[in-house]
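J.: kindly generate the corresponding structure for this input.
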Amino acid sequence: MSVHDRKNLKSALESAILYLQKQGVEEARQDAWLLLEHVCGISHSTYFVHSEDEMPKEQQEQYEALVRKRGEHIPLQQLTGEAWFYGIPFFVNEHVLIPRQDTEILVEEALRGLPKDARILDLCTGSGCILISLLVTREDCTGIGADLSEKALQVAEKNGAQVGGRASFVKSNLFENIEGTFDVIASNPPYIRTDVIETLMPEVRDHEPRMALDGSADGLVFYRKITEQAGSYLKEGGKLCFEIGYDQGDEVRELMETHGFADVQVLKDLAGLDRVVTGIWHKKP
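T.: Have a look, this model is predicted:
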């Protein structure tokens, strides 16, 4: 791929697809198109009308540079700086986990039965996508997003502009700097076992933040810590909602029941795999 060979839109796209396929990128055709769309700001209909138009040199240089980076398995969303989640665009970079569609189930469960003017806590907030999606959907609610990573919090703050002053973000090791009580505590904590991380796709293993992935030897350390303390930060009848790994449902359910949560439910994703665990907190008499 070289800008010494001037290309029209069609040949640039075809070259990019072939290059990404050779580099082992799974969605080569889709990613080549999305990068072209990002650089040139064109739609499919515009492309089909103007596919023989020569690309401006600057755009061709930018496009080929991004395609090369995608060939290095840098995630597409990091290259474009944008990921869509729950129908909302979020700014992302290498300091946050890229929002996944499966996590939308966590948002749906947090919304279920959410009282008016609810106060929400999102632990391990990352990009802030969970909290912000909840607040976009429910304009009467407010919330706090907590994370230990200052760089992740900068991303969350930027995304938080979508809900004005209803979201605040705080550097906190889980509950360490959290005050007050909440109607819902939601969390998508690091839950991948340490020994599994090296087997992940290079896009995840090499380019997403390790601290957002590594859940310790058994993947459960954050569930233990959060579940042990959550009751002190939940209102009567408040809900704790976790995203989990596909094989962690029984263990997280047992943890929550052991620590006094009632009506604990394990919910499946669209693939039929365990994805979310929820439970209700009732204060002890």
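J.: gap between the nearest residue to Tyr47 once chain neighbours are set aside and Trp33?
T.: Excluding the flanking residues, the one nearest Tyr47 by CB to CB, 6 or more residues apart in numbering is Leu9, at 6.1 Å. All C-beta spots, glycine's among them, are computed from the backbone N, C-alpha and C. For Leu9, the distance to Trp33 equals 11 Å [CB to CB, to the nearest Å].
J.: which one's more surrounded, the two?
T.: Ranked by neighbour count (other CB atoms under 10 Å), Leu9 and Trp33 place Leu9 first, with 22 against 17.
J.: report pLDDT for that one.
T.: In this model, Leu9 is scored at 95, pLDDT.
J.: my guess is it meets His50, correct?
T.: Yes - using CB atoms under 8 Å, Leu9 is in contact with His50, at 6.3 Å.
J.: what residues are shared contacts of these two?
T.: Common neighbours of Leu9 and His50 are listed as Ile42 (criterion: CB atoms under 8 Å, 6 or more residues apart in numbering).
J.: all strands of the protein, in order?
T.: Here the chain has its strands, by DSSP state E, at 82-85, 88-91, 119-123, 142-147, 167-171, 182-187, 234-243, 261-268, 274-281.
J.: please save the CA atoms from the fifth one in PDB.
T.: This points to strand 167-171. The C-alpha coordinates for strand 167-171 follow below in PDB (Å, rounded to 0.1, in the frame of the first residue of the first chain):
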ATOM      1  CA  ALA A 167     -23.000  12.200  35.800                       C
ATOM      2  CA  SER A 168     -19.900  12.700  37.900                       C
ATOM      3  CA  PHE A 169     -16.700  10.700  37.900                       C
ATOM      4  CA  VAL A 170     -14.400   9.900  40.700                       C
ATOM      5  CA  LYS A 171     -11.000   8.100  41.100                       C
END
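J.: quick check: buried residues in that strand?
T.: Neighbour-count burial for strand 167-171 flags Ala167, Phe169, Val170 (criterion: 16 or more other CB atoms under 10 Å).
J.: for the first one, same thing?
T.: Neighbour-count burial for strand 82-85 flags Ala83, Phe85 (criterion: 16+ other CB under 10 Å).
J.: in its sheet, what does that strand sit against?
T.: Paired neighbours of strand 82-85 in the sheet (DSSP bridges): strand 88-91 (antiparallel).
J.: how close does Glu228 get to Phe222?
T.: 11 Å.
J.: between the two, point out the one with more neighbours.
T.: Phe222 (20 against 14).
J.: what sits against the more buried one?
T.: Cys124, Leu174, Ser187, Pro189, Pro190, Tyr191, Gly215.
J.: between these, which sits nearest Ser133?
T.: The closest of the contacts of Phe222 to Ser133 turns out to be Ser187 (CB to CB; 14.1 Å).
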